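> let me see the structure of the following:
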Amino acid sequence: MQPLIDNARTFGQRPEEFARLAEGQSPTVLFITCSDSRVVPALITGAGPGELFELRTAGNIVPPHDLARPTAEAATIEYAVDVLGVQDVVVCGHSHCGAVGALVRGDDLDAVPAVRDWLAHAAGEPAAADRDDPTVADAVQHHVLAQLMRLRSYPCVERALAERRLRTHAWYYEVHTGAVREHRAESDAFEAL
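Residues are numbered from 1 along each chain as shown. So this is what the prediction gives:
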């Protein structure tokens, strides 16, 4: 923890670098990804402060949209699309994902009921084809596409897509290599950016 504290102390000693951020934000991309500490959107994309609007959830899960039971995730998506006017939304999964791995293996999550109940929002269980593969690559890629389809069902996203003011992207990040792949509809495969 101490190195983090030391950096935080010196971070605020460069106010000139951050003064423009007080004027507001105008990110063009909403980046939805996992809470996993190995996935750092700004590092992956090279974005600076104010360039990405981020939504991080366990397993990069986009929960079902339900106006009767609003979620922080739905509010973040709606704000990004309708208020900030982002032009692109990226749903980014990653290799070695603990959430997807737990689903693939059918782990008993009764000891962590909040995790168990959150993972129930995964939009169907990922294929168990790579049950013994620590990267769970196929399952994660399938999961990312399921989350992207769920995202597209949100009214604000559906409307923005119909009006052609929003594009959506499915990415897969390999934590062990740093490689990033994007799903290509033409080939129905994740390919290098």
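> excluding chain neighbours, give the residue nearest to the spatially most central residue of the chain in space.
Per Cα atoms, centre = their mean, the C-alpha nearest to the average position across the chain is that of Thr33, at 1.7 Å. By the measure of Cβ to Cβ, 6 or more residues apart in numbering, the closest residue to Thr33 outside its immediate chain neighbours is Cys92, 4.2 Å from it. Just so you know, the C-beta spots here come from the backbone N, C-alpha and C atoms, and that holds for glycine as well.
> so which strand or helix has the one you found?
Here Cys92 sits within strand 88-94, counting by DSSP states H and E.
> what helices or strands is that strand leaning on?
Taking 3 or more Cβ pairs under 8 Å, 6 or more residues apart in numbering; DSSP states H and E as contact, the helices and strands that strand 88-94 lies on are strand 29-34, helix 137-152, strand 167-173.
> and these, which is most packed in?
When neighbours are counted by mean count of other Cβ atoms under 10 Å, the highest per-stretch mean among the helices and strands packed on strand 88-94 falls to strand 29-34, a mean of 24.
> can you show me the CA trace of it as CSV?
What follows is the C-alpha trace of strand 29-34 in CSV, where atoms were taken according to Å, rounded to 0.1, in the frame of the first residue of the first chain:
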residue,chain,number,x,y,z
VAL,A,29,-15.5,5.9,-25.6
LEU,A,30,-17.3,3.9,-22.9
PHE,A,31,-15.0,1.0,-21.9
ILE,A,32,-16.7,-1.9,-20.1
THR,A,33,-14.4,-4.4,-18.6
CYS,A,34,-13.7,-6.6,-15.7
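> and the contacts of that strand?
The list of residues contacting strand 29-34 from outside it, by Cβ atoms under 8 Å, 6 or more residues apart in numbering, reads 39, 41, 45, 47, 51-60, 62, 76-77, 80-81, 84, 86-94, 97, 99, 147, 151, 173.
> same deal with stretch 165-184?
Residues from elsewhere that reach stretch 165-184, judged by Cβ under 8 Å, 6+ apart: 33, 36, 38-39, 44, 81, 85-96, 135, 137, 140-141, 144-145, 148, 151-152, 157, 160-161, 189-193.
> filter those to the buried ones?
Members of the contacts of stretch 165-184 that pass the buried threshold by neighbour count (16 or more other Cβ atoms under 10 Å) are listed as 33, 36, 39, 44, 81, 86, 89-96, 135, 137, 140-141, 144-145, 148, 151-152, 157, 160-161, 190.
> please consider this matter closed, and thank you.
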